[in-house]
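**Q** Quick one: sequence and predicted model below, then my questions.
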Amino acid sequence: MIAPLLLLLLSLAGIIAAYALPGMTDLVIVAGPSLAASLYLLVRARTREKTPNVKPDPAPSGRAYNRRIVVDASDVMSWKDGKPQLETLREVVRHVMALGYTPGVVFDTDAGQVLTGAPQDNAALGRLLGLPMDNVLVIDEDETAETTVLAAARHLGARVVTNGRFRGAEKTHPELHQPGYLIRGGYKSGELWLKLDRVDA
């Protein structure tokens, strides 16, 4: 903040000198752009000061969670009325994004068939959700959704939106025991809720 202020004062002094002293009018060529640059730097510095410093949610292990969330589509899409629905999944994805997180969505192999009546790949399901293809994964037939969801979350350092229990995976994925790692949710009186409580450090 001090450097832009000094530059501003020197630029103003240069412009005054250019008009007050004979033969110094060329000084405006240097002082004018310097004045504009110093004003820009001052405004930018003030904007940064006003921007809140949002800290990541602290993990119980002391490792900070990042701003990524893996959505277990096979579980989430049936949250409303117990029926697989694309709109349910869309609402959860929108909600996660509104909270400032970047969602990655993992689908079972047959999810496209279940949701739309026809097989769908990453790109097609991404379009349906309004997400880039890189944020969507349809698993291979020889893989399980639970294994892939946990592997994706570990790779990304993310938490998981699901009501799945992941029984038997606790030994290989001890993060399942961390409070807040699995983000539960559902619908109450037709309204979506997610247990995505943020605690600023």
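**A** Sure, I can see it.
**Q** Can you show me the strands along the chain?
**A** Using DSSP state E, the strands of the chain run over 68-72, 102-107, 136-138, 159-161, 182-183, 185-188, 191-194.
**Q** Tell me how the protein divides into domains.
**A** With automatic domain parsing as the criterion, the domains of the chain are listed as 2-50, 68-194.
**Q** Next, format the strands of the chain as TSV and append distance to residue 93, mean pLDDT and mean neighbour count.
**A** (C-beta placed from N, C-alpha, C; glycine too.) Output for the strands of the chain, formatted as TSV (distance: least, CB to CB, whole Å; pLDDT from 0 to 100; neighbours: other CB atoms under 10 Å):
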stretch	distance to residue 93	mean pLDDT	mean neighbour count
strand 68-72	6	96	25
strand 102-107	5	96	23
strand 136-138	10	95	23
strand 159-161	9	96	25
strand 182-183	13	96	20
strand 185-188	12	94	14
strand 191-194	11	94	13
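**Q** between these, which one is nearest to residue 21?
**A** When the strands of the chain are ranked by distance to residue 21, counting by CB to CB, first place goes to strand 102-107 at 57.7 Å.
**Q** how big is the angle separating that closest one from strand 68-72?
**A** Between the axes of strand 102-107 and strand 68-72, defined by axes from the mean of the first three to the mean of the last three CA atoms, to 10 degrees, the angle is 20 degrees.
**Q** helices and strands around strand 102-107, which ones?
**A** strand 68-72, helix 73-76, helix 86-98, helix 122-129, strand 136-138, helix 145-156 (3 or more CB pairs under 8 Å, 6 or more residues apart in numbering; DSSP states H and E).
**Q** who does that strand pair up with?
**A** Strand 102-107 has the following sheet partners, assigned by DSSP bridges: strand 68-72 (parallel), strand 136-138 (parallel).
**Q** Point out where the protein drops to low pLDDT.
**A** Regions of the chain meeting the criterion pLDDT under 70 cover residues 1-15, 17-18, 24, 26-28, 30-65, 197-201.
**Q** what's across from residue 186 in the sheet?
**A** Listed beta-bridge partners, residue 186: residue 193 (assigned using DSSP bridges).
**Q** Done for today, thanks.
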